[in-house]
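In: any chance you could fold what I've pasted below:
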Amino acid sequence: MNKTKIEELINTAIKSLQKINTTVFRDDQFKCHELELTISQVHFLRVLYEEGTTTMGKVSEALNIAPPSATMTAERLVNQGIVVRKESKKDRRVVQVALSPKGKRLISKFMEAKKKRWFEIMENLHEEDRESLVRALQQLVSLMGKAEEEKNQLEQSPIKQ
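Out: Here you go, the predicted structure:
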């Protein structure tokens with residue numbers, strides 16, 4: 001495949017991914033509004049949904065945000081009864097966070113609505129196309145992860161003079 005054709009495919013892929021991202025973000029915002037949560041709060045809850053009880057450091061790392069931002073979001077969610085704070089049994093200085101029963105209900109509602117929306121979209125594709133799409137997305141994620149690891153290694157390696 002020549003360079004021009006690859007560039008055309010890349011441009012088309014970028015435009016498609018931007019449209020997908022915009023649509024997903026709009027759907028997420030609508031559902032957040034229904035649940036009376038912000039996007040940031042839902043992202044926080046999704047980390048706890050996936051990780052279970054965890055530390056604030058791990059939440060901020062997973063969300064790629066500064067620890068004070070994660071702490072502010074956690075504080076609001078604790079005040080709303082959506083998240084609970086726990087002292088670590090091993091180290092009392094470490095604060096862990098987890099979903100409260102209310103938080104579990106809210107994030108489950110959000111995730112179910114998201115799955116339902118994707119089902120409605122994906123059921124309109126032929127089975128082979130669905131499977132090809134998922135394989136291609138998984139491969140893209142893998143390649144992006146490898147590229148990110150390589151970038152991080154280059155940034156951490158000492159500069160030779």
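In: flag the shaky bits of the chain, pLDDT-wise.
Out: 159-161 (pLDDT under 70).
In: just the strands in it please.
Out: 54-55, 83-87, 95-99 (DSSP state E).
In: out of those strands, flag the one nearest Thr4.
Out: strand 54-55 (47.2 Å; CB to CB). For glycine as for every other residue, the C-beta is placed from the backbone atoms N, C-alpha and C.
In: that older thread, wait, which of the strands of the chain is closest to Ile39?
Out: Closest of these to Ile39 is strand 83-87, at 16.0 Å (criterion: CB to CB).
In: determine which stretch of the strands of the chain is the most buried.
Out: Comparing the strands of the chain by mean neighbour count (mean count of other CB atoms under 10 Å), strand 95-99 comes out on top with a mean of 19.
In: show me what it is packed against.
Out: Packing partners of strand 95-99 (3 or more CB pairs under 8 Å, 6 or more residues apart in numbering; DSSP states H and E): helix 39-51, strand 54-55, helix 56-63, strand 83-87.
In: partners of it, with directions?
Out: Strand 95-99 pairs in its sheet with strand 54-55 (antiparallel), strand 83-87 (antiparallel), by DSSP bridges.
In: find the residue at the geometric middle of the protein.
Out: Taking CA atoms, centre = their mean, the centroid of the chain lies closest to His43, which sits 6.3 Å from it.
In: mind naming the longest helix for this structure?
Out: For the chain, the longest helix by residue count, based on DSSP state H, is helix 3-35.
In: which parts of that helix are buried?
Out: The neighbour-count check on helix 3-35 (16 or more other CB atoms under 10 Å) flags Asp28, Lys31, Cys32, Leu35 as buried.
In: distance from the chain centre to it, please.
Out: With CA atoms, centre = their mean, to the nearest Å as the basis, helix 3-35 stands 15 Å off its chain's centre.
In: run the angle between it and helix 39-51 for me.
Out: 100 degrees (axes from the mean of the first three to the mean of the last three CA atoms, to 10 degrees).
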